[in-house]
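1. Show me how the following folds:
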Amino acid sequence: MKRSIALLFCFAMQHLFAQQVKLIPVTEGWAHNSVNTAIFRKNSLVTYKDTQFIAFYNEQSFVVLGKRKIGSSKWIIKQTQFKGNTSDAHNVISIMVDGKGFLHMAWDHHNNPLNYCKSLAPGSLEMTDKMPMTSLHEQKVSYPEFYKLANGNLLFFYRDGGSGNGNLVINQYNHLTNKWQQLQSNLIDGEGKRNAYWQAFVDVKGIIHISWVWRESPDVASNHDLCYARSADGGITWTTSTGKQYQLPITAATAETVCTIPQKSELINQTSMFADANGKPYIATYWRDSGDRIPQYHLVYKQGNDWKVQNLGFRKTAFSLSGAGSKRLPISRPQIIAWQNGKTTAAAILFRDEERGQKISAAVNYDLNQKNWKVVDLCNDENGTWEPTYDTELWKQKRILNLFVQRTEQVDGEGRSDTAPQMIRVLEWKPVLKK
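-> Below you'll find the predicted structure:
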């Protein structure tokens, strides 16, 4: 098969992307649903110094870890002792490396007890046995996500409770004392009526940015509104984008709503969060504007004192978003990156769309003052129901985008497709930073 060739090269189709895009094979993994490729993996890939780590489930549902030197196509692969319930696409693996080089991992969560371990030594793929973090609020864990602070400490975000009535918990790991502590047991309170579906980003200055939508019930159609908060002290105190301090926990009544979006607008949960080197926040997601029948990707970003919204508007196919469980959708949730382009700001939104043959695509705008988005395919392979996840630390360090890529097939609900194991690859792309 072409996917198993030792090194694949793809070329973008437009002159803006004349430079080479590489696809580095890793090994085959589970592909019966999107558990390896759901967008809320933080992270699927992570770089520490000159080493990149990767995590995924294999066909036997074991957690597999790997590492390579940056720039190399040779991976060291190790199957761990841990397994996950891969029949549920929520049960993703998330990894991060702390300031001493220890790898931390959480896996197999959808309203069940915490599964967490760390490496036995810096840079090692040998992991400890499963262990608690704080032993507080660790019985109904969903959506585990790691984030690295500028000082080398880690944050661990997760939902405590179920869809429609869960709360956001934040733990912090001190890499000098090797201890976890709980910073927030209920940062965003659903008040027993709703819950927040969030994404977060830690910028190069260590400011934590978080955005979320509210969901009123397990039905995805009840998603509504887009909200924002940030913290400059490692997650202890939180403010709005204007610096007004929140009284915690944040509720629907007190949250800064940056974009009002009604229920039944095909608004997807898990917004994509990013902040540039100046700390300016960017949020990417999709929904259907009032009066329109087609869901479109949107970029929401802060410019001066105002929040701006750009409807990218290039999609032509309508679909309806409703029901519970992991959905099989014609488009992926997007990822957003942004950078300085001379005196202007450039941005790229990464996505997958049936309209484009389920390829890995990017919409790029080199000046956000202008609505001039160019959409290109980074590679011509068909990738099923893949969603983009990337190495956040490598992007911060070197402005190189590394995407976790695998063709996976999600059956609507929590069904299992008959897809054979598929090659896992890392797509390496260094976008043109200035135009």
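2. Spit out the contact partners of residue 231.
-> 207-208, 237-239 (CB atoms under 8 Å, 6 or more residues apart in numbering). No exception for glycine: its C-beta is placed from N, CA and C like everyone else's.
3. Same check on residue 310?
-> Residue 310 makes contact with 298-299, 301, 368, 371, according to CB under 8 Å, 6+ apart.
4. rerun at 7 Å
-> When contacts are counted by CB atoms under 7 Å, 6 or more residues apart in numbering, residue 310 touches 298-299, 371.
5. Checking my notes, it in a strand, right?
-> Yes: residue state for residue 310 (DSSP: H, G, I helix; E, B strand; the rest coil) corresponds to a strand.
6. Bridged to it, which residues?
-> Judged by DSSP bridges, the bridge partners of residue 310 are residue 299.
7. Ok, residue 158 next?
-> Note on residue 158: beta-bridge partners by DSSP bridges are residue 169.
8. do residue 347 as well
-> Beta-bridge partners of residue 347, as defined by DSSP bridges: residue 338, residue 365.
9. Please report the distance of it from residue 362.
-> Distance, residue 347 to residue 362, using CB to CB, to the nearest Å: 10 Å.
10. Quick check: phi and psi on the nearest residue to residue 220 once chain neighbours are set aside?
-> Using CB to CB, 6 or more residues apart in numbering and skipping the chain neighbours, the partner closest in space to residue 220 is residue 321 (5.5 Å). Torsion angles at residue 321 (phi, psi; degrees, to the nearest 10) stand at phi -110, psi 110.
11. so what pLDDT did residue 321 get?
-> Residue 321 carries a pLDDT score of 79 in this model.
12. contacting residues around it?
-> Residue 321 neighbours (CB under 7 Å, 6+ apart): 220-221, 266, 268.
13. Out of those, the closest to residue 154 would be?
-> Of all these, residue 268 has the smallest distance to residue 154: 27.2 Å, by CB to CB.
14. I'd guessed the closest one sits against residue 286; true?
-> Yes: using CB atoms under 7 Å, residue 268 is in contact with residue 286, at 5.6 Å.
15. coming back round to it: how about the contacts of residue 321, which pair is most distant?
-> Once CB to CB is applied, the contacts of residue 321 give 221 and 268 as the farthest pair, at 10.7 Å.
16. low-scoring stretches of the stretch 201-350 of the chain, by residue?
-> Within the stretch 201-350 of the chain, the stretches with pLDDT under 70 are 323-328.
17. Setting the sequence-adjacent residues aside, check what's closest to residue 144.
-> Nearest non-adjacent residue to residue 144, counting by CB to CB, 6+ apart: residue 106, 3.8 Å away.
18. thinking that neighbour is in contact with residue 116, fair?
-> Yes: contact between residue 106 and residue 116 holds when scored by CB under 7 Å: they sit 4.9 Å apart.
19. residues in contact with residue 237?
-> 231, 245.
20. Which helix or which strand is home to it?
-> Using DSSP states H and E, residue 237 falls within no helix or strand.
21. so how far is residue 332 from it?
-> Using CB to CB, one gets 34 Å for the distance from residue 237 to residue 332.
22. the strands in the stretch 301-435 of the chain, which residues?
-> 306-311, 335-341, 344-351, 360-365, 374-379, 401-405, 422-429 (DSSP state E, counting those that start in this stretch).
23. State the mean pLDDT of the last one.
-> The predicted model gives strand 422-429 an average pLDDT of 97.
24. Just the CA atoms of that strand, as PDB, please.
-> Extracted as PDB, the C-alpha positions of strand 422-429 are listed here (Å, rounded to 0.1, in the frame of the first residue of the first chain):
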ATOM      1  CA  GLN A 422      -4.400   2.100   9.200                       C
ATOM      2  CA  MET A 423      -0.900   3.700   9.100                       C
ATOM      3  CA  ILE A 424      -0.300   6.500  11.600                       C
ATOM      4  CA  ARG A 425       1.800   9.300  10.200                       C
ATOM      5  CA  VAL A 426       3.100  12.700  11.100                       C
ATOM      6  CA  LEU A 427       2.500  15.500   8.600                       C
ATOM      7  CA  GLU A 428       5.300  18.100   8.700                       C
ATOM      8  CA  TRP A 429       4.500  21.500   7.300                       C
END
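25. And for it, what's in contact with it?
-> Here strand 422-429 makes contact (CB under 7 Å, 6+ apart) with 3-4, 21-29, 31, 45, 56, 360, 378-379, 400-408.
26. That strand pairs with which strands, parallel or anti?
-> With DSSP bridges as the test, strand 422-429 is paired with strand 20-29 (antiparallel), strand 401-405 (antiparallel).
27. State the mean pLDDT of the last one.
-> Per-residue pLDDT over strand 401-405 has a mean of 97.
28. could you give the angle of it to strand 374-379?
-> Inter-element angle recorded for strand 401-405 and strand 374-379: 60 degrees (by axes from the mean of the first three to the mean of the last three CA atoms, to 10 degrees).
29. List the buried residues in strand 401-405.
-> Neighbour-count burial for strand 401-405 flags 401-405 (criterion: 16 or more other CB atoms under 10 Å).
30. same check, this time on the first one
-> Of the residues in strand 20-29, those with enough neighbours to count as buried (16+ other CB under 10 Å) are 21-29.
31. And these, which is closest to residue 121?
-> Nearest to residue 121 among these: residue 26, at 22.5 Å, using CB to CB.
32. For the closest one, which non-adjacent residue is spatially closest?
-> The spatially closest residue to residue 26, leaving aside those adjacent along the chain, is residue 424, at 4.3 Å (CB to CB, 6+ apart).
33. Against residue 108, how distant is that neighbour?
-> 18 Å.
34. cool, residue 63 as well?
-> Distance from residue 63 to residue 108, counting by CB to CB: 8 Å.
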